[in-house]
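Enquirer: show me how the following folds:
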Amino acid sequence: MNHALTHTPDHGASHGHHHEHAMDGQAEILDLDAEVLAEHTASITAWLPLHAPRHIVDLGCGTGAGTFALLDRFPDAHVTAVDASAEHLQRLRTKACTRGVEERVRTVQADLDEAAWPDLGSPDLVWASASMHHMAHPDRALRNVHDALAPGGLFAVVELAGHPRFLPENAPEDRPGLEERVHAAADRRQAEHMPHRGADWGPMLTAAGFTIEGERTIAVNLDGTRSEAIGRYATGVLQRIRSVIADRLSPEDLTALDQLLDTSGPHSILRRDDLTVRTERTVWAARRI
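Expert: Numbering: from 1, shown residues only. The predicted structure is shown next:
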């Protein structure tokens, strides 16, 4: 895997031992991701065909976007939050203390690409948001989830369609279409390292023994003026993409991108009044019968 690109923030999680090599700024972006997409995450938890689970596992929990959304949705539940990153888990525990829910959260540091998974108990719900496509052996991971779930338990797989878009198609003025070219370069790079990104998880879930009870795609289209966090989110996302695709851009595009990312410059993303967050999230709800 390409370490830096696999952890750009369309992925709400990390799972591998390589993760610590790609940490700079990621936790902050995951926190912004959670803040910006909070309403959409809440709508997904509300849609899940599940009543009052008591034990939830958040696989590849990152800094806790899913963990806290699930604790909010299911007030009697406890969450086991699993991630490879000690820093992410510490950040999650700090948030749990701040929110007064530390007694409802247990953290487990684990590499989910290892053949032997930690003992996660017998959860009623397993939640995997933007983590499954990172797996080197997703079929094995799906079987591990199936075996861990309590009979009748639910597995929720949530994936983003790709990196979110932020700029109008005609932006910036001197290099219109820049963002699409940046994303195309990023998509080509990621396809080389993560063949399951953007996959249809339905057939793989069925093959692992699950029964698909629902699939839903949610369109995200947020006006950037609603929150100053959106500008910081856009900057962080594009900075991380730039760090791994700079050699694939023309000199003119690279210059234009750097002008957008120069937070003190006149062309900074933070100075634009036409930002949006545009992406799609798809969730599969799969039952262990």
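Enquirer: could I get stretch 209-223 in PDB with only the CA atoms?
Expert: Listed in PDB are the C-alpha atoms of stretch 209-223, where the atom choice follows Å, rounded to 0.1, in the frame of the first residue of the first chain:
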ATOM      1  CA  GLY A 209     -22.600 -15.700   4.800                       C
ATOM      2  CA  PHE A 210     -24.500 -12.500   5.400                       C
ATOM      3  CA  THR A 211     -28.000 -11.700   4.300                       C
ATOM      4  CA  ILE A 212     -28.300  -8.200   2.900                       C
ATOM      5  CA  GLU A 213     -31.200  -6.400   4.600                       C
ATOM      6  CA  GLY A 214     -30.700  -3.000   3.100                       C
ATOM      7  CA  GLU A 215     -28.400  -0.700   1.000                       C
ATOM      8  CA  ARG A 216     -28.600   3.000   0.900                       C
ATOM      9  CA  THR A 217     -26.700   5.800  -0.800                       C
ATOM     10  CA  ILE A 218     -26.600   9.300   0.800                       C
ATOM     11  CA  ALA A 219     -25.600  12.300  -1.200                       C
ATOM     12  CA  VAL A 220     -23.600  14.900   0.600                       C
ATOM     13  CA  ASN A 221     -23.800  18.400  -0.600                       C
ATOM     14  CA  LEU A 222     -22.900  21.000   2.000                       C
ATOM     15  CA  ASP A 223     -22.600  24.700   1.500                       C
END
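Enquirer: those strands in the protein, which residues are they?
Expert: When secondary structure is read from DSSP state E, the chain shows strands at 55-59, 78-83, 105-109, 125-129, 154-160, 211-223, 276-287.
Enquirer: any chance of the ones you listed in JSON lines, with mean pLDDT, distance to residue 240 and mean neighbour count too?
Expert: C-beta: built from backbone N, CA, C; applies to glycine. Formatted as JSON lines, the strands of the chain follow (pLDDT from 0 to 100; distance: least, C-beta to C-beta, whole Å; neighbours: other C-beta atoms under 10 Å):
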{"stretch": "strand 55-59", "mean pLDDT": "98", "distance to residue 240": "22", "mean neighbour count": "27"}
{"stretch": "strand 78-83", "mean pLDDT": "98", "distance to residue 240": "18", "mean neighbour count": "25"}
{"stretch": "strand 105-109", "mean pLDDT": "98", "distance to residue 240": "23", "mean neighbour count": "18"}
{"stretch": "strand 125-129", "mean pLDDT": "97", "distance to residue 240": "18", "mean neighbour count": "28"}
{"stretch": "strand 154-160", "mean pLDDT": "96", "distance to residue 240": "14", "mean neighbour count": "25"}
{"stretch": "strand 211-223", "mean pLDDT": "96", "distance to residue 240": "19", "mean neighbour count": "14"}
{"stretch": "strand 276-287", "mean pLDDT": "96", "distance to residue 240": "15", "mean neighbour count": "20"}
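Enquirer: I'd like those as JSON lines, with distance to residue 242 appended.
Expert: Listed next are those as JSON lines, based on distance: least, C-beta to C-beta, whole Å:
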{"stretch": "strand 55-59", "distance to residue 242": "29"}
{"stretch": "strand 78-83", "distance to residue 242": "25"}
{"stretch": "strand 105-109", "distance to residue 242": "30"}
{"stretch": "strand 125-129", "distance to residue 242": "25"}
{"stretch": "strand 154-160", "distance to residue 242": "19"}
{"stretch": "strand 211-223", "distance to residue 242": "22"}
{"stretch": "strand 276-287", "distance to residue 242": "18"}
